[in-house]
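1. Quick one: sequence plus predicted model below, questions after.
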Amino acid sequence: MKIGVDLGGSHVAVGIVSDEGKILSKQEKDLVFSNEDKEQLIRDTIVSLINNALRRINIPIFLIEKIGIGVPGEVQDNKVKKCTKFEIFDWDLAGELEDFYKVKVELSNDGYLAALAERKFGSLMEEERAVFLCIGTGIGSAILNRGVIIPSEIGHTIIKEDGNICNCGRQGCFETYASMKVFKENIIRVLGLKESTTSEEIANYIRVNENDNEELKNYINEYIEYLEVGISNIINTIHPDTICIGGGFVYFEDILMHRLQERINTQIYKFQKPKIVLAKLGNDAGIIGATCF
């Protein structure tokens with residue numbers, strides 16, 4: 001057994017994972033930063049979730065072969081080299097957890113690991129040329145070419161000149177218009193909901209109000225347009241056979257997927273249109289992938 005940790009832009013998810021890619025125990029928690037040291041809060045949250053996940057199925061830590069962690073940023077020499085979402089640089093998170101648990105800890109890019117899980121157990125098992133998009137707090141990504149997975153930063157391609165400021169420091173990045181964080185923030189604004197409204201509640205509000213709320217319909221259409229622009233860049237530069245979408249996007253499948261398909265079907269691209277599929281492992285791909293490398 002191994003432990004997979006998905007360190008997202010706004011939450012942490014931890015799972016005890018079998019060799020067959022099945023999650024045996026899972027714990028997750030939102031990250032809420034105030035005046036605490038960010039590194040300490042993230043580390044303590046990971047430790048707490050790991051302990052709870054082990055306790056839930058009564059597994060001692062010495063039975064765990066490895067702890068894998070997906071990081072939303074750049075990893076070098078098994079350290080967090082650069083994570084602009086948290087403004088963390090050159091952090092030896094693996095070393096700190098190894099000292100605590102006496103278990104091997106390895107880090108890698110979160111988009112790469114989620115794609116790895118889908119390649120091994122999910123929607124990309126039969127694919128040779130594909131792109132994985134993890135649409136959540138940001139947009140993580142990876143490119144699959146002839147069986148080799150390459151980490152990428154498609155979320156930071158520019159889709160709007162002089163657009164919104166991204167946490168990477170540039171303007172108009174794909175993820176500043178098409179991440180689920182942006183989508184949910186705008187839906188909350190349009191519907192006048194509380195900031196604490198959950199994804200499930202937001203989806204239900206959309207289903208109930210969409211037909212009677214013109215502003216809501218217009219925003220969803222606008223979001224799909226931005227998402228298609230980012231995807232068109234992928235099609236015209238990488239021309240994959242398949243684009244697999246995971247992350248929080250999967251919770252809004254019935255609301256967004258058919259609209260995206262319809263939008264893509266009406267557009268003209270330089271290359272043949274790829275299949276657009278959902279991640280079979282859903283939002284758990286990051287956890288599972290963290291145990292696969």
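-> Received, thanks.

2. If I look at the residue lying farthest from the centre of the chain, what pLDDT would I see?
-> When distances are taken from the C-alpha mean of the chain, Asp212 lies farthest, 31.5 Å away, according to Cα atoms, centre = their mean. pLDDT for Asp212: 92.

3. Pull the contacting residues for it.
-> Asp212 makes no contacts at all, as judged by Cβ atoms under 8 Å, 6 or more residues apart in numbering. The C-beta positions use only the backbone N, C-alpha and C, and glycine is treated the same way.

4. how much space between it and Tyr205?
-> 12 Å (Cβ to Cβ, to the nearest Å).

5. where exactly do the helices run in this protein?
-> Along the chain, counting by DSSP state H, helices occupy 38-56, 93-101, 110-121, 175-178, 180-191, 199-209, 214-238, 253-265, 285-289.

6. Nearest to Val17, out of those?
-> Closest to Val17 of the helices of the chain is helix 285-289 (Cβ to Cβ; 5.8 Å).

7. tell me the domain boundaries of the protein?
-> 2-113+285-289, 126-279 (automatic domain parsing).

8. out of those, nearest to Arg119?
-> domain 126-279 (6.3 Å).

9. Can you name the residues that contact Gln261?
-> Per Cβ under 8 Å, 6+ apart, neighbours of Gln261: Ile276.

10. ok, it to Lys194 distance?
-> 32 Å.

11. wait, Phe188 sits on Glu195?
-> Not Phe; residue 188 is Ile. Yes. The criterion here is Cβ atoms under 8 Å, and Ile188 meets it with Glu195 at 6.3 Å.

12. Quote the end-to-end distance of stretch 8-20.
-> Terminal residues of stretch 8-20 are spaced 24 Å apart (Cα to Cα, to the nearest Å).

13. I'd like to check what contacts that stretch. Which residues are they?
-> By Cβ under 8 Å, 6+ apart, stretch 8-20 touches 1-6, 23-31, 42, 45-46, 49-50, 53-54, 57, 59, 64, 72, 85, 110, 136-138, 181, 283-284, 286-288, 291.

14. ok, now stretch 94-108?
-> Residues contacting stretch 94-108 (Cβ under 8 Å, 6+ apart): 43, 46-47, 50, 61, 64-71, 75, 78-80, 93, 290, 293.

15. same check, this time on stretch 282-291
-> For stretch 282-291, using Cβ under 8 Å, 6+ apart, the contacting residues are 2-6, 8, 13-15, 17, 21, 23, 26, 66, 68-70, 108, 110, 112-118, 120-122, 134, 136, 246-248, 250-251, 279, 281.

16. got the buried residues for it?
-> Using 16 or more other Cβ atoms under 10 Å as the burial criterion, the residues of stretch 282-291 that qualify are 283-291.
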